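Q: whatever this is, show me its structure:
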Amino acid sequence: MRSENLDGAVNQQERLPSEECRAWFLAGLVEGEGSVCICVKRHPARPFGYYVQPEFFIYQHRSRRALLEMAMEYFGAGRIRPKPGNADVLVFSILSRAVLAERVLPFLSDYMQYSARIADYEKFAAVVRMLMAGVHHVSAGLALIVEIAYSMNMAGKQRRTPRDEILGRILRGHMPDAR
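A: Below you'll find the predicted structure:
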């Protein structure tokens, strides 16, 4: 039986959600407002001319900042910033490969198994593991990562640079732009 004080409030310990309960709540938030992305950025100082940045993020209106703070507390990492071009929307994101591998991937595996985007989460996990293993340091490995990245999130529908342009540059060997 619950112990209540005179105001009718439930004992504080009983009101706090369990870690498992918070994780499932967070899974629902991620399903509705979250995503993963493998950004492929041009970078002339990199051996193959590109840099790969995996990212886990959750969007929320600024009035719901507490939800993003809950996610940041749960993962023990990340940052909250305004969405570029829309200051009313905040973005919680984790970019650290180590944090992605140690905290986000287990979360995705345990709590997002019923997600409509499970295939994207599995590809994301594979790419993070490949990056952690250093696969991107050889042209064929980086090309494979680009192929996987472009197969995610509606087959790269919103990407600006065509996949073949990136692959051509990686596979022929990067030469810094001569000026």
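
Q: spatially central residue in this structure, please.
A: Phe56 (1.2 Å; C-alpha atoms, centre = their mean).

Q: now that residue: which helix or strand?
A: In this assignment (DSSP states H and E), Phe56 forms part of strand 50-61.

Q: can I get the next helix or strand after that strand in PDB, CA atoms only?
A: As assigned by DSSP H and E, the chain's next helix or strand after strand 50-61 is helix 65-75. These are the backbone C-alpha positions of helix 65-75, laid out as PDB (Å, rounded to 0.1, in the frame of the first residue of the first chain):
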ATOM      1  CA  ARG A  65      13.000  21.400 -23.200                       C
ATOM      2  CA  ALA A  66      12.600  19.300 -20.100                       C
ATOM      3  CA  LEU A  67      12.200  16.200 -22.300                       C
ATOM      4  CA  LEU A  68      15.500  16.900 -24.000                       C
ATOM      5  CA  GLU A  69      17.200  17.500 -20.600                       C
ATOM      6  CA  MET A  70      15.800  14.100 -19.500                       C
ATOM      7  CA  ALA A  71      17.400  12.500 -22.500                       C
ATOM      8  CA  MET A  72      20.700  14.200 -21.800                       C
ATOM      9  CA  GLU A  73      20.600  13.000 -18.200                       C
ATOM     10  CA  TYR A  74      19.700   9.500 -19.300                       C
ATOM     11  CA  PHE A  75      22.600   9.200 -21.700                       C
END
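
Q: in helix 65-75, what counts as buried?
A: Neighbour-count burial for helix 65-75 flags Leu67, Leu68, Met70, Ala71, Met72, Tyr74, Phe75 (criterion: 16 or more other C-beta atoms under 10 Å). Placement of C-beta: from N, CA and C, glycine included.
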